[in-house]
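Visitor: here's my sequence, what's the structure:
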Amino acid sequence: MFVKTPPTEDREIDNTLRPRNWEEYVGQQKLKNNLRVIIDAAKQRNESLEHLLFYGGSGLGKTTIAHVIAHEMGVGIRTCAGPALEKAGDIASILSNLEEGSILFIDECHRVNKSVVELLYSAMEDYTLHLVMGKGPMARTMELALPRFSLMGATTRPSLLPAPFRNRFGAVFQLEFYNTKDMEQIIRRSSSLLNIEMLKEAETAIAERSRQTPRIANRLLKRVRDFATTKGSGTITPDIASLAFSSLGIDEMGLEQSDRNMLLTIITRFKGGPVGIQALASSTGEDVETILDVTEPYLLQIGFLERTPRGRVVTRKAYEHLKISGTQQMIA
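Guide: Below is the predicted model of the structure:
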């Protein structure tokens, strides 16, 4: 009988795999070098860290790097999700309870309520909250002094951030997709922490199908481990990995069924493109945000999809991968 792993256990495993310092954080070398300078300078001046904004695809390590920075600075970190900040009281309660020099990390900060974002302007600049108490003729303003804190924002959609909010960050960093060598190192570290025995060829196979994303690599590692436990001796071999990928519907490029469906929809229903995002979402049954944040970034990264002024177009490389030929819609 299949027993579903409790969500709390999954979260505990993910926290175990999360790097805690620069030595454990693999990849993003240019970003790490720049952050080291900012952190060392703040330490030498005995100041709180500047407000920092991180953007990039989901699962690339934005939350992890915020925790690493907090560890390197030796300060506490408070995390919250952007959609959870709906009212002025929400952010006022969080900010007023921060310790001096600590970090507030807001994930998916482009989804923070507009009225809350406007409150953050003065909080980020002057460490003061300007609150309006009451309504109508009896309304009055109140200033709430805040400890000097560092706001760190993470987003997959930086273009949706209001310009005044984006401009208040002292530095903005983009997290890039990882190369296969870095992915192998991440998988090797995770397998060691989880006490998983794995052959080198299987490690490479998982890395190649991880969509250049650490979160997906760790997810695949755990699923392949399940197959090694139930279908093998417990050791992850290339054959066990291949069985797992076949059962999960993941091909050698890391494409899942939803990815292939989107490419095939553009090819068969829109003659390879171009097609607008709304029409594509309607045809595939996916919502626009899922396409923009989950499916499309990797397809663009590996060159299977291109954006044009008129919409999305499937490339020749995708046709070859899907083994589709004889069409006049292919592009170079």
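Visitor: is Trp22 in a helix, a strand, or coil?
Guide: Secondary structure, DSSP: H, G, I helix; E, B strand; the rest coil: Trp22 is coil.
Visitor: tally of neighbours for Ile250?
Guide: Neighbourhood size, Ile250 [other C-beta atoms under 10 Å]: 21. Bear in mind the C-beta positions are built from the backbone N, C-alpha and C, glycine included.
Visitor: meant to ask about Asn33
Guide: Asn33 sits with 10 neighbouring residues when counted by other C-beta under 10 Å.
Visitor: how far off centre is stretch 25-42?
Guide: 18 Å (C-alpha atoms, centre = their mean, to the nearest Å).
Visitor: which residues of the stretch 101-250 of the chain score low on pLDDT?
Guide: The stretch 101-250 of the chain contains residues with pLDDT under 70 at 132-140.
Visitor: do that again at 90, thanks
Guide: Residue ranges of the stretch 101-250 of the chain with pLDDT under 90: 115-116, 118-119, 122, 126, 128-146, 231-234.
Visitor: show me where the stretch 201-332 of the chain has strands.
Guide: 305-308, 311-314 (DSSP state E, counting those that start in this stretch).
Visitor: each with direction, which strands does the first one pair with?
Guide: Just to be clear, that refers to strand 305-308. Each strand paired with strand 305-308, and its direction, by DSSP bridges: strand 311-314 (antiparallel).
Visitor: mind checking the pLDDT average for the partner strand?
Guide: For strand 311-314, mean pLDDT is 92.
Visitor: and it, what's buried?
Guide: 311-314 (16 or more other C-beta atoms under 10 Å).
Visitor: dump the residue contacts of the nearest residue to Ala281 once chain neighbours are set aside.
Guide: Leaving aside its chain neighbours, Ala281 sits nearest to Val288 (4.8 Å; criterion: C-beta to C-beta, 6 or more residues apart in numbering). Counting by C-beta atoms under 8 Å, 6 or more residues apart in numbering, Val288 touches 277-278, 281.
Visitor: now Val172
Guide: 52-55, 158, 166.
Visitor: after the helix or strand harbouring it, which helix or strand is next?
Guide: Applying DSSP states H and E as the criterion places Val172 in strand 171-174. On the C-terminal side of strand 171-174, the closest following helix or strand by DSSP H and E is helix 180-193.
Visitor: what's Thr79 sitting at in phi/psi?
Guide: When read as degrees, to the nearest 10, the backbone of Thr79 gives phi -110, psi 150.
Visitor: and it, bridged to which residues?
Guide: Here Thr79, judged by DSSP bridges, has bridge partners Phe105.
Visitor: okay, now the residue nearest to Cys109 when sequence neighbours are not counted: neighbour count?
Guide: Computed as C-beta to C-beta, 6+ apart, the closest residue to Cys109 that is not its neighbour in sequence is Gly153, at 3.7 Å. For Gly153, the neighbour count with other C-beta under 10 Å is 28.
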